[in-house]
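Enquirer: What would the 3D arrangement of this be:
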Amino acid sequence: MKIIAIGRNYVAHAKELNNPVPGTPVIFLKPDTAALKDNKPFYIPDFSSDIHYELEVVLKICKEGKHISEKFAPNYYEELGLGIDFTARDIQAIHKEKGLPWELAKAFDHSAAFSSFIPKTEIEDLYNLPFELKINGESRQNGNTKNMIFSFEHIISFVSKYITLKKGDLIFTGTPEGVGQVHQGDKLEAWMEGRQLLNFDIK
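Expert: This next block holds a predicted model:
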């Protein structure tokens with residue numbers, strides 16, 4: 001299983017980090033060791049003093065495919081959930097300044113928390129799907145898929161031109177505005193269309 005993540009897929013988030021709005025999807029990868037499942041706690045690593053949360057809708061690929069057209073892209077995922085792309089913002093800032101890859105800031109152990117998955121047939125409208133993150137009961141991120149720059153179909157098609165998608169792969173589809181730092185003792189809770197999918201602690 002590989003984890004593919006899309007950066008800067010919401011205009012407001014790109015602007016809050018002073019990044020240009022991309023014309024094509026920005027892609028990075030996380031290894032399977034980045035996975036954090038079953039609402040297990042996230043432990044802040046000792047190599048960073050500025051770990052940020054980024055709430056995202058996550059697609060679960062259901063069959064192998066490459067060079068997938070957007071027309072057929074919906075056939076390649078049947079379920080979706082929520083995930084947190086944990087980011088060592090201090091490390092990322094240094095690497096961005098030097099023009100270096102982001103892996104040390106994005107791909108470290110347990111940096112990809114994700115929920116259980118819901119059949120997409122149970123979602124009222126995939127293209128107008130609200131999701132929310134609360135920390136210690138306070139709303140921090142409110143997103144909606146209608147504000148994505150690149151649709152689920154476009155992402156699947158684009159990625160599959162370069163990387164073969166396999167059953168069980170996960171695609172983190174980008175975060176809305178409102179990202180920020182996590183601290184020991186925080187409780188993260190996230191909802192999709194009113195269903196709570198994430199509920200775990202920061203240690």
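Enquirer: In this protein, where's the longest strand?
Expert: The longest strand of the chain (DSSP state E) is strand 77-85.
Enquirer: going on from it, what's the next piece of helix or strand?
Expert: strand 87-88 (DSSP states H and E).
Enquirer: Which strands and helices lie in contact with that following strand?
Expert: When contacts are defined as 3 or more C-beta pairs under 8 Å, 6 or more residues apart in numbering; DSSP states H and E, strand 87-88 sits against strand 51-53, helix 103-106. Where you see a C-beta, it was placed from the backbone N, CA and C, and this is true even at glycine.
Enquirer: Okay, now the sheet partners of the longest strand of the chain, with direction.
Expert: Sheet pairing of strand 77-85 (DSSP bridges) gives strand 55-61 (antiparallel), strand 112-114 (antiparallel), strand 118-119 (antiparallel).
Enquirer: Serialize those to a markdown table and add fields for mean neighbour count.
Expert: Listed next are those as a markdown table, based on neighbours: other C-beta atoms under 10 Å:
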| stretch | mean neighbour count |
| --- | --- |
| strand 55-61 | 25 |
| strand 112-114 | 25 |
| strand 118-119 | 14 |
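Enquirer: between those, which gets nearest to residue 150?
Expert: The closest of these to residue 150 is strand 55-61. By C-beta to C-beta, the value is 12.3 Å.
Enquirer: What's the first helix or strand after the helix or strand of the chain with the lowest mean pLDDT?
Expert: Sorting the helices and strands of the chain by mean pLDDT, DSSP states H and E puts helix 11-16 at the bottom, at a mean of 72. Next helix or strand after helix 11-16 toward the C-terminus (DSSP H and E): strand 26-30.
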